[in-house]
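Visitor: Build me a model:
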Amino acid sequence: MSFVADLKVLYKLVVSPVRGATHAERMDHFYTGQADAYDDFRKRLLHGREELFRTIDVPTGGVWVDLGGGTGGNLGFIGPRLSELRKVYVVDLAESLLTVARRRVSDLGWTNVEPVMADATMFMPPEGQADVVTFSYSLTMIPDWVAALEQALRMLKPGGVIGVVDFYVARKHADPQRAKHSWWTRTFWPTWFAADNVFLSCDHLPFLQRHFTPVHCVESAGRVPYVPLGRVPYYCFIGRKV
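Guide: Residues are numbered from 1 along each chain as shown. Down below sits the predicted model:
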């Protein structure tokens, strides 16, 4: 990854205003111009993705829906097990990212993978149900994230698995077993990311833990490229539908 390519991404992240009348238009405007460099930069920013996709058991003959899956790069973490799935849907609203996803699917010969332009709050696989639903750093970019999780709950089979990895901040008075963050962390990072319409929430984890039986839950913090000493909190949650 070249420094020049990094600068293009950083320009979009820090300088360029996000324009558009709808959420889909804003998403595509944000990613246009950085879609090809998206994966290389974000592997240094979006921590825990590999942990999430490698930890989830792959159901043989199952249906996996990656909501907000962008370029389809997440599927590489599944590895050879990807071929065991009957169908994988990479769902996103940004056409620029889906263009990269379609090229990746073609280049790698993933015959069971289909990129789909759709709203995560409304998408339902043609099969009617899914065995696995994942959100990889997409929940913070979905304005109605509650509706997206409720839709995931509807499409999952009984016993199906949800996996979420994303930025977050803890509640001011977090549960004793949960991570605690300083006032600075709870204030700075939501303000920083909001400029790019990425909204860190203290309510994601509590919602997930109420609606799904936890299987795996890790709270940590990862480095931010070109931000000295910057470590942004993230969580990795895997749960099962009752």
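
Visitor: Strands of this structure, residue ranges please.
Guide: Per DSSP state E, the chain carries strands over the ranges 63-67, 87-92, 113-117, 130-136, 156-167, 213-223, 231-240.

Visitor: is it possible to export those to TSV including distance to residue 189, mean neighbour count and mean pLDDT?
Guide: Where C-beta positions appear, they are placed from N, C-alpha and C, glycine not excepted. Output for the strands of the chain, formatted as TSV (distance: least, Cβ to Cβ, whole Å; neighbours: other Cβ atoms under 10 Å; pLDDT from 0 to 100):
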stretch	distance to residue 189	mean neighbour count	mean pLDDT
strand 63-67	23	27	98
strand 87-92	24	24	98
strand 113-117	30	19	98
strand 130-136	18	26	98
strand 156-167	7	22	98
strand 213-223	10	14	95
strand 231-240	5	20	97
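
Visitor: could those strands go into TSV alongside distance to residue 75?
Guide: Converted to TSV, these look like this (distance: least, Cβ to Cβ, whole Å):
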stretch	distance to residue 75
strand 63-67	7
strand 87-92	6
strand 113-117	7
strand 130-136	10
strand 156-167	13
strand 213-223	19
strand 231-240	17
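
Visitor: which stretch among those comes nearest residue 101?
Guide: strand 113-117 (4.1 Å; Cβ to Cβ).

Visitor: Any idea how far that closest one is from the middle of the chain?
Guide: 15 Å (Cα atoms, centre = their mean, to the nearest Å).

Visitor: Grab the CA positions of that strand and hand them over as CSV.
Guide: C-alpha atoms of strand 113-117 as CSV (Å, rounded to 0.1, in the frame of the first residue of the first chain):
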residue,chain,number,x,y,z
VAL,A,113,-21.1,-15.5,-3.8
GLU,A,114,-23.5,-12.8,-4.9
PRO,A,115,-23.0,-9.1,-4.3
VAL,A,116,-26.3,-7.3,-3.9
MET,A,117,-27.2,-3.6,-3.7
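
Visitor: Which strands or helices does that strand pack on?
Guide: With contacts taken as 3 or more Cβ pairs under 8 Å, 6 or more residues apart in numbering; DSSP states H and E, strand 113-117 sits against strand 87-92, helix 95-108.

Visitor: burial of residue 172, as a residue count?
Guide: Neighbour count of residue 172, defined by other Cβ atoms under 10 Å: 10.

Visitor: Tell me how far it lies from residue 202.
Guide: Computed as Cβ to Cβ, to the nearest Å, the residue 172 to residue 202 distance reads 8 Å.

Visitor: Report the contact partners of the residue lying farthest from the centre of the chain.
Guide: Relative to the centre of the chain, the most outlying C-alpha is that of residue 176, 26.6 Å out, by Cα atoms, centre = their mean. Counting by Cβ atoms under 8 Å, 6 or more residues apart in numbering, residue 176 touches no other residue.

Visitor: How about residue 62: what's its closest non-neighbour residue?
Guide: The shortest distance from residue 62 to any non-neighbouring residue, by Cβ to Cβ, 6 or more residues apart in numbering, is to residue 131 (3.5 Å).

Visitor: Can you report how many residues neighbour residue 173?
Guide: 7.

Visitor: now swap in residue 57 and tell me
Guide: Neighbours of residue 57 (other Cβ under 10 Å): 12.

Visitor: what's the pLDDT at it?
Guide: Residue 57 carries a pLDDT score of 95 in this model.

Visitor: Also residue 227?
Guide: 73.
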